[in-house]
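# Predicted model, plus sequence, below.
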Amino acid sequence: MEKILIVDDDPEILEIIAEVLKQAGYTVDTATDGRKAIRRIEAECYDLVITDLNLPEIDGMKILKYIIDDQSRDAMCIILTGYGTIKGSVEAIKMGAFDYITKPAKSDEILMVVEKALKYRHLQRENILLKQQLRKKYRFENFVGDSKPIQKVYELIEKVADTDSTVLITGESGTGKELIAKAIHYNSYRRDNPMVVINCGAIPEELLESELFGHEKGAFTGAHKMRVGRFELANAGTIFLDEIGDMSPNLQVKLLRVLQEQKFERVGGTRTLEIDVRIIAATNKNLINAVNKGIFRQDLYYRLNVIPIKVPPLRHRKSDIPLLVDFFITKFNTQKRKQISELPRDAVSALMEYDWPGNVRELENMVERVIILANGQKVSLDDIPESIKGKAKRVESVEVNIPMGGIVFDEAVEEYEKKLILQALDETNWVKTKAAKLLNINRTTLIEKMKKKKLHKPASDL
């Protein structure tokens with residue numbers, strides 16, 4: 001039960017209030033002056049302090065200030081006051097007291113104010129706990145994966161999180177771009193303010209402007225009242241613009257102004273609104289190509305691309321697959337009330353052979369499906385979808401089987417060499433020095449072979 005300290009130099013008042021609260025089930029301590037009260041507060045953890053203003057040596061305002069200044073204590077404070085000191089009680093509330101009780105107080109009034117104060121404190125603690133859990137959920141240290149490509153992403157998040165720099169996150173669908181945006185926000189000084197997410201590709205152009213900037217009453221047919229836009233909602237926090245590459249040229253101009261000036265007008269409005277918002281954008285498209293084609297503004301691209309973060313596809317971080325599988329098994333065991341053990345080695349090997357075009361999202365969906373459909377507590381290779389197992393087997397057959405009609409040896413060797421080089425480049429995200437090291441050849445030799453075989457980095461990875 002909650003613990004309460006009552007402070008008053010009148011023993012009769014102390015006894016009356018203490019008895020009322022004890023009968024209600026609270027644990028109660030008392031003090032007859034401010035000095036004793038401070039000593040008790042230092043020694044004990046109180047949920048609530050009820051104090052008179054007029055006390056010998058140390059008055060109630062100093063007790064209140066002591067509680068407020070010590071941030072390690074989150075005790076609520078209620079002021080006891082006579083009719084002649086109500087003005088002082090109002091000052092105490094401005095300073096941080098929850099409420100005041102006028103003496104002589106009735107039992108039901110005391111209990112009502114105490115219950116309200118403790119309920120408010122409980123809500124405060126709950127809110128703090130939820131925010132801490134949310135921050136913990138999106139801390140970059142807790143992201144699953146220890147491969148070099150994903151470690152580089154963690155390092156970037158750590159460096160840029162607590163700044164106001166605009167971030168552009170690029171990568172294929174399903175790689176976790178929104179998770180990275182949330183990790184940046186919840187590790188920044190804006191963490192206690194809103195993070196507003198909007199998918200620019202999921203909303204028609206004619207509605208997206210109103211969603212972003214809001215509109216005034218009568219701005220268009222159906223605008224029956226004023227509406228606040230996402231940028232206003234995100235004020236003092238972060239706005240995450242997902243699929244920014246799908247934004248129309250008309251809206252790109254307006255977004256550019258927000259980036260440059262942190263100002264905009266609602267649709268149909270004339271009043272300029274100022275905001276303080278950090279912008280994080282994401283896309284699965286190649287914006288450089290879009291700029292070259294004239295469908296994305298070059299000046300907007302450079303404004304967005306202050307801090308670029310490229311999220312590697314799962315095929316470039318296959319060493320993380322076993323860790324991700326274990327993570328998702330634990331997650332879905334809890335959600336689905338299952339007790340599936342880890343996947344057998346041959347099943348994990350099949351997953352490692354697959355290219356995962358849907359990336360981490362596809363892997364997560366696959367694990368969820370396997371867990372739901374599994375019989376008993378064990379999963380075997382047979383439980384893995386045929387589309388994934390089949391892909392793994394086809395890769396193996398191309399590499400080791402000789403057709404009945406025979407082969408042209410030099411062409412087969414040439415093709416095999418090409419596959420080895422492509423696999424090494426793919427595994428190292430096309431870093432030639434690392435690929436050459438994997439193949440145990442010189443970098444110059446690798447470059448010559450790439451030229452001879454006309455191997456170029458895919459446009460989507462540029």
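Yes, it's here.

# I would like the residues contacting stretch 324-334, please.
Contacts to stretch 324-334, defined as CB atoms under 8 Å, 6 or more residues apart in numbering, come from residues 144-145, 338-340, 342-343, 348, 351, 360, 363-364, 367-368, 371-372. The way it works is simple: take the backbone N, C-alpha and C, and place the C-beta from them, glycine included.

# Give me the mean pLDDT for stretch 266-283.
Here stretch 266-283 scores 93 as its mean pLDDT.

# Pull out the buried positions in that stretch.
Residues of stretch 266-283 classed as buried: 266-267, 269, 273, 275, 277-283 (neighbour count, 16 or more other CB atoms under 10 Å).

# Tabulate these in a markdown table, adding columns for distance to Leu256 and secondary structure.
As requested, the buried residues of stretch 266-283 are exported to a markdown table (distance: CB to CB, whole Å; DSSP: H, G, I helix; E, B strand; the rest coil):
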| residue | distance to Leu256 | secondary structure |
| --- | --- | --- |
| Arg266 | 18 | coil |
| Val267 | 17 | strand |
| Gly269 | 19 | coil |
| Leu273 | 16 | strand |
| Ile275 | 15 | coil |
| Val277 | 14 | coil |
| Arg278 | 16 | strand |
| Ile279 | 11 | strand |
| Ile280 | 16 | strand |
| Ala281 | 12 | strand |
| Ala282 | 17 | strand |
| Thr283 | 16 | strand |
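
# Tell me which of the contacts of stretch 324-334 fall in helices.
If you go by DSSP state H, the contacts of stretch 324-334 have 348, 351, 360, 363-364, 367-368, 371-372 in helices.

# Please pick the buried ones from the contacts of stretch 324-334.
Buried among these by 16+ other CB under 10 Å: 145, 340, 343, 348, 351, 360, 363-364, 367-368, 371.

# Of these, which is the nearest to Asp246?
Val360 (21.7 Å; CB to CB).

# Can you give me every residue that contacts that closest one?
Contacts of Val360 by CB under 8 Å, 6+ apart are 174-176, 314, 324.

# ok now do Glu274, which residues does it touch?
For Glu274, the contact set (CB under 8 Å, 6+ apart) comprises 262-263.

# actually Pro308, not the one I typed
By CB under 8 Å, 6+ apart, Pro308 lies in contact with 167-168, 170.

# Would you reformat the residues you listed as TSV and include secondary structure?
TSV is the format used below for these (DSSP: H, G, I helix; E, B strand; the rest coil):
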residue	secondary structure
Val167	strand
Leu168	strand
Thr170	strand
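
# all helices in the stretch 101-250 of the chain, in order from the N-terminus.
Taking DSSP state H, counting those that start in this stretch as the test, the helices found in the stretch 101-250 of the chain are 107-137, 148-160, 177-186, 205-213, 230-233, 249-261.

# Could I get those helices in JSON lines, plus columns for mean neighbour count, distance to Asn54 and mean pLDDT?
Output for those, formatted as JSON lines (neighbours: other CB atoms under 10 Å; distance: least, CB to CB, whole Å; pLDDT from 0 to 100):
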{"stretch": "helix 107-137", "mean neighbour count": "14", "distance to Asn54": "19", "mean pLDDT": "77"}
{"stretch": "helix 148-160", "mean neighbour count": "17", "distance to Asn54": "53", "mean pLDDT": "90"}
{"stretch": "helix 177-186", "mean neighbour count": "22", "distance to Asn54": "46", "mean pLDDT": "92"}
{"stretch": "helix 205-213", "mean neighbour count": "17", "distance to Asn54": "55", "mean pLDDT": "90"}
{"stretch": "helix 230-233", "mean neighbour count": "19", "distance to Asn54": "46", "mean pLDDT": "94"}
{"stretch": "helix 249-261", "mean neighbour count": "15", "distance to Asn54": "54", "mean pLDDT": "93"}
